[in-house]
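Asker: here is the input, now give the coordinates:
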Amino acid sequence: MSAKLVSDGMIALPGGRFRMGSEDHYPEEGPCKEVEVDGFSIDIFPVTNRDYAAFVAATGHVTVAETAPTLADYPDADPAMLRAGSSLFVPPAVPVPLSDPFAWWSFTFGADWRHPYGPDSGIDDLMEHPVVHIAYEDAAAYAAWAGKSLPTEAEWEYAARGGLDGAAYAWGDELHPDGRMMANTWQGNFPVSNDMTDGYLRTSPVGTYPANGYGLYDMIGNMWEWTQDWYGDHASAVKNCCVPRNPRGVSEEASRDASAPGAQFGRKVLKGGSHLCAPNYCQRYRPAARYAQTIDSSTSHIGFRCVVR
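Answerer: As a prediction, the model looks like this:
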């Protein structure tokens, strides 16, 4: 299969078959199943702060993180918390149990795409970094403005594999081949100490690391990416006995998790891992990896890219 550069910063991928998922890592990635996708074009890079600034300038879009939550949407919330903000990674000073993500995530008033590290930060020096603190509706609004769409989980994974069907990573089966850093991930003891062997504590400029076999950058690491699909058991998308074509997720209702905070919101599939994925925690810097995120959420490690079908 040959990928082809198109004029507007996208790569055109002919349709094809690949093995979606993995049975060698986290249980939610299985079963591994051969699926088929139709051809589509996908952004070479994630959407950057520069790109998103152009969208906001043209449309006046106000992101979820810049909008105060309402008591109607969060009836159990402390009213003092109903202020605009977003979830920001804050490394703890001492080792903490890895079972408690609230030990390193802080809902920070004034954190948003223009202020990625908190209200006193800015993006003047981060224009070529991926935009973050983006909720699902913010990504979908940009895609619609650009005449594009968000990818399905299957499209995203097909593109991320770069033609290496069944490989653990987007570049092969070794995380650091010959000691080379292939993506922006965490080196060291997460969440306390990052050795920054790859050169970055947080996001990196898009295109910093090698492209995959299709010429796509940052499919792995740097920041998680939204997909169109509602999150469900992986088997639900590949349950057919034949080869599923353009498989999709479950319904919005089925994607909700009644036992989790934000149970009233549907969850979409995130792909790709981020700069916070580490060997000792969240080894999801792989094409098969997937994560459920409620559509109301924005964080300092979630962004997106777009497709055209």
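Asker: in stretch 167-178, what's buried?
Answerer: Burial within stretch 167-178, assessed by neighbour count using 16 or more other C-beta atoms under 10 Å, is assigned to Ala167, Ala168, Tyr169, Ala170, Trp171, Leu175. From N, CA and C alone the C-beta is placed, and that goes for glycine too.
Asker: wait, which of those is closest to Ala111?
Answerer: Ala170 (29.3 Å; C-beta to C-beta).
Asker: what sits against that closest one?
Answerer: Counting by C-beta atoms under 8 Å, 6 or more residues apart in numbering, Ala170 touches Ala160, Arg161, Gly162, Leu164, Met182, Ala183, Asn212, Met219, Ile220, Arg286, Pro287.
Asker: check which helices and strands the helix or strand where the first one lies sits against.
Answerer: Counting by DSSP states H and E, the secondary-structure element that holds Ala160 is helix 153-161. With contacts taken as 3 or more C-beta pairs under 8 Å, 6 or more residues apart in numbering; DSSP states H and E, helix 153-161 sits against strand 10-13, strand 16-20, strand 33-37, strand 40-43, strand 224-230, strand 267-271.
Asker: and the contacts of it?
Answerer: Contacts of helix 153-161 (C-beta under 8 Å, 6+ apart): 11, 13, 16, 18, 20, 35, 37, 40, 42, 151, 167, 170, 212-214, 216, 219-220, 225, 227-229, 237, 246-249, 269, 271-272, 287-288, 290, 307.
Asker: show me how far that helix is from its chain's centre.
Answerer: Here helix 153-161 is found 12 Å from its chain centre; the criterion is C-alpha atoms, centre = their mean, to the nearest Å.
Asker: for stretch 263-283, same thing?
Answerer: 7 Å.
Asker: list the buried residues of it.
Answerer: 265-278, 282-283.
Asker: shaky segments in this structure?
Answerer: 1, 4-7, 235-241 (pLDDT under 70).
Asker: show me where it has helices.
Answerer: 49-59, 136-145, 153-161, 234-237, 252-255 (DSSP state H).
Asker: most tightly surrounded among the ones you listed?
Answerer: helix 153-161 (a mean of 26; mean count of other C-beta atoms under 10 Å).
Asker: ok and that helix relative to strand 267-271, angle-wise?
Answerer: Angle, helix 153-161 to strand 267-271, by axes from the mean of the first three to the mean of the last three C-alpha atoms, to 10 degrees: 10 degrees.
Asker: returning to that earlier point: just the buried subset of the contacts of helix 153-161, please.
Answerer: Buried, going by 16+ other C-beta under 10 Å: 11, 13, 18, 20, 35, 37, 40, 42, 151, 167, 170, 212, 214, 216, 219-220, 225, 227-229, 237, 247, 249, 269, 271-272, 287-288, 290, 307, out of the contacts of helix 153-161.
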